[in-house]
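Trainee: this one's structure only:
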C-alpha cells in the first residue's frame, strides 16, 4: 500500500536525521553514505502521496510500490540495528560494569554491528532504491507534500451519556420503546425487546437514549449494559452482566459460582439489561443465557440490538422494533450539525450541495455524520462538490454496505492518521480502546513522531492524533461516568462495526486477524492478531512468515493451552518484532528467550494471573517503551536489573509484594506513566518514586492496604505530574508531595476513597488544574471553602456517588460552581 510506503519513507528519514544517527555516522565515518541515502529517499518520497491515490486502478503501479516498500523495510531494519547499538553503548556508559548474567550481552567489546558492514549495507540499499526510483517517470507521478498536521479537538466529549441535543430524529422511536419498557406483562417475569436494523442506523444510540431516560431510571431497580461478543460467548457475557450489575467480578471465579452470584444479584429486582450488538446467537447459547436471567421480578426487560432478523425472531417475546433510516430533513439537520461549527455561517450553496450528499446516504446516520465530519471546517465549495461527485458512490452497494461512503472519509485523512487508523484493524470488533494504551501501541510502531518541542511529548502528539480521528467520527465514546471509575480520566472508546470493517478493507495484506477460518496468509503481512485456532495451526502460520513486527494473542485461555511455545517461536523467528501482546493468556512463565527480542518496544503481559516471576533476560530489552503487568496478581516483584530498561516510558504493575524496592523504580528515568494497580499487599509507595523527575502520569488504583496522608511530604520531591489518579480506600488526605506539581497538574481523579473527608486548602494553589473527577467518596463532605476561584485553568469538576459532597455543594452561590457537574447535570441556580 502506498500510504505504508510513504510512512516508511518518512520514518527512515526521521531516523537518519536524529541526533543518535548523527553521532554514529561521525564515529563510523558514514556521513557521506547517509547523506546520499537521505537525498534518494527524499526524492522518491515526494511522489508517494500521488501514487497512493492512483494505485487503485493501476496494477503495475501497485507492484512498483510493493517493491519500494520492501526496500524501505530493509532500510528501516538496518537503521533499527544501529539504534540498538547506540542504546547498548548508552547502557554500558551509564552503568559501567554489569551483572554476570547480562554482562556478555552488554559487553562493549562485542558490538552487535560493525561500521564497515553497515556502510556496505547502506550503499546497497541506496543503489536498490535508485534502481526502483528510475522507473517512476513512466507513471507520470506528481510531486506532492504532506499537508500540515492539523490537530483540532472538535467536540471533545468527556462522557457517553446521550444528550438530547446531540441526537436528531429519534424522539418518536425512543418514546415507543420507553412505553414498551414501562408496560408490565403478567405472563412473564422478563420480556425481551429486539431493536433490529442495518449497520449504522443508530440502534446503539437509540438504546442509550432509552437507557438514560428519566422515566426508565425511576422505573427499574437495576440497569445493566453489556456489549455482546461477536461469537456470543456465554461465560464472558455472564461475567460482564455480573460486573455491570455489581461493579465487581473476581476473574478467578468458576463459571458455576458466577452463575449463582448473578442469579442472586438479579433475584427479586426489576431490572433492565441492554445486550448491545448481538451478531450470532445460536439457540442453545441464547436459551442458556436467558434462563439465568429469569429470576428478576415481574416487569424486568431485556433490549437486544441486532442487525439480524433471524436473531430478533429467536429472542423476541414481544414484536421486534424495526428501526428505519432518518428522513431527508432529519438527515440534513444531522449533517449540518457536524459540517458546521456552532455559530458558523452556513453558506446557502454549501447547504444545497450538502442536501444532495445526504440523499445518497439513504438515511444512515453513521454515513451522514461521517461525511459531515469530513467536510467540517472546509468552506471551499470545490471540496464539497468533490465529495458529492466522487467515484466511490458508483461502487456497488446494498442496503447494509456503506463502506464506499466511509472510504471517502478515509481517503481524506492525512497519511499520519491513516497509519494510526489501519493498525486499529488488529483489534476485534467491539474492542474497548483506552486512549493511553492505544497511544503506546502507536508509539511502539513508530507512527507517532518524536517531538522537537520540549512542551509536546510523543504521548501528547499521540493523544492529538486520537482525538483528531475521534473528531472525524472514527471513534465513539463508550463508557459512562460510572464506568470511568475503572479507567480514570482517559475515556473508553469504541469503533463502530462498519468503521472496523473499513479498517480491515484498507489494511489489506499489511495487517491480518487470524482465526480458525483463515486459510491463506499473505507473505508480506507484518502485523498479526491471533483470535483463535489450535497451537499447531498457529505455528504453521508463523512458519510461513518472515517479517512480522506485531503479534497479538487474544485467545480465551479457557479454550487454548499455554502460549509459551508460541511465544518462544515468534521471538526466535521474527528478529524485528516490535509489539508482543500476551494479555489474558495462560502463561506461568515468560520464556527466557524474550531477551533476544532486542527491537521489542511494547510488551503486554497483563492479566496473566498465574505468572509469579519475570525472567532476568527481560532486562536486555533496552528498546522497550511499554511494559504492562497489571492484573498479574501473583507476581512477586520486578527483576533486579530493571536499570537496563533505559527507554521505558510506560509501566503498569500488579504485585503481591508489600514493597517495591527502590532500585527497581528509581533507575527508570525515562518513565512518563506509572500505574500501580490492585496490589492488595502493598503498604507504601516505591521509595524510588522521588527519582522519577520526568513522570507525568501517576495512577494508584485499588491498593487496599496503602495509606496516604497529607504528612507524606518528604519522600517525593521534584515531581512534575500532569495526571494523578488515586483509588485508595485508606487514603485519608491528598499527599503533601502533590504540591510539588502545583504548576503542572492538569487532571486529578479521586475515587473509592472512603476514608477521605476533606480536600486540603493548598488544592487552590494548583493553578494548572483543568479537570477534577471525584467518584464514590461517600464521606467526603466539601471542597476547599476559600480560593476555588483562583483555579483559573479549571474547566470542570465531575462528581458522582458522593452524597454528602453533593448536598453541600448545592448551597454554594459562587461563580466557580457553574463548572461543577453532578451525575452529568450542571450545578447552578436552576439546578438548585
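Mentor: Structure received. All values reported here derive from a predicted model rather than from experimental measurement. Numbers count the residues shown, from 1 in each chain.
Trainee: going forward, measure contacts between C-alpha atoms and count neighbours the same way
Mentor: Noted.
Trainee: Can you give me the buried ones in the helix or strand encompassing residue 67?
Mentor: For residue 67, the element it lies in under DSSP states H and E is helix 59-95. Neighbour counts over helix 59-95 (16 or more other Cα atoms under 10 Å) mark 61-62, 64-66, 68-69, 71-73, 75-92 as buried.
Trainee: what ranges do the strands span in the stretch 501-650 of the chain?
Mentor: For the stretch 501-650 of the chain, applying DSSP state E, counting those that start in this stretch gives strands covering 511-514, 527-530, 550-553, 579-581, 602-604, 626-629, 650-653.
Trainee: Walk me through which strands the first one pairs with, and which way each runs.
Mentor: What it means is strand 511-514. If you go by DSSP bridges, strand 511-514 pairs up with strand 527-530 (parallel).
Trainee: And the contacts of the strand it pairs with?
Mentor: Strand 527-530 has contacts (Cα atoms under 8 Å, 6 or more residues apart in numbering) with 426-427, 510-515, 538, 548-555.
Trainee: With mean neighbour count as new columns, can the strands of the stretch 501-650 of the chain be given to me in CSV?
Mentor: Shown next, in CSV, are the strands of the stretch 501-650 of the chain (neighbours: other Cα atoms under 10 Å):
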stretch, mean neighbour count
strand 511-514, 22
strand 527-530, 22
strand 550-553, 22
strand 579-581, 22
strand 602-604, 22
strand 626-629, 23
strand 650-653, 21
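Trainee: Quick one: these as CSV, columns for distance to residue 208 and mean pLDDT too.
Mentor: Putting these into CSV (distance: least, Cα to Cα, whole Å; pLDDT from 0 to 100) gives the following:
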stretch, distance to residue 208, mean pLDDT
strand 511-514, 30, 87
strand 527-530, 31, 90
strand 550-553, 31, 91
strand 579-581, 32, 96
strand 602-604, 33, 97
strand 626-629, 32, 97
strand 650-653, 32, 96
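Trainee: Could you dump these into JSON lines and include distance to residue 642?
Mentor: Shown next, in JSON lines, are those (distance: least, Cα to Cα, whole Å):
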{"stretch": "strand 511-514", "distance to residue 642": "32"}
{"stretch": "strand 527-530", "distance to residue 642": "28"}
{"stretch": "strand 550-553", "distance to residue 642": "24"}
{"stretch": "strand 579-581", "distance to residue 642": "19"}
{"stretch": "strand 602-604", "distance to residue 642": "15"}
{"stretch": "strand 626-629", "distance to residue 642": "11"}
{"stretch": "strand 650-653", "distance to residue 642": "11"}
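Trainee: on that earlier part again, now for the helix holding residue 67, which elements pack on it?
Mentor: Here helix 59-95 touches helix 2-16, helix 19-27, helix 100-106, helix 115-133, going by 3 or more Cα pairs under 8 Å, 6 or more residues apart in numbering; DSSP states H and E.
Trainee: For the first one, buried residues please.
Mentor: Of the residues in helix 2-16, those buried by neighbour count under the rule 16+ other Cα under 10 Å are 2-13, 15-16.
Trainee: What lies in contact with that helix?
Mentor: Residues outside helix 2-16 that contact it (Cα under 8 Å, 6+ apart) are 21-22, 34, 38, 41-42, 45, 48-49, 51-52, 55, 62, 65-66, 68-69, 72-73, 75-76, 79, 415-416, 418-419, 446-447.
Trainee: Same question for stretch 132-148: list its buried residues.
Mentor: 133, 136.
Trainee: likewise stretch 349-366?
Mentor: Within stretch 349-366, judged by 16+ other Cα under 10 Å, the buried ones are 350-351, 354-359, 361-366.
Trainee: likewise stretch 43-57?
Mentor: Quick answer for stretch 43-57 (16+ other Cα under 10 Å): 44, 45, 46, 47, 48, 49, 50, 51, 52, 54, 55.
Trainee: could you show me where the helices are in the stretch 401-550 of the chain, in order?
Mentor: Ranges of helices within the stretch 401-550 of the chain are 403-411, 415-423, 435-444, 458-471, 484-487, 497-507, 535-543, based on DSSP state H, counting those that start in this stretch.
Trainee: looking only at pLDDT, what's the mean for the fourth one?
Mentor: Throughout helix 458-471, pLDDT has a mean value of 90.
Trainee: And it, what does it pack against?
Mentor: Helix 458-471 sits against helix 415-423, helix 435-444, with contacts defined as 3+ Cα pairs under 8 Å, 6+ apart.
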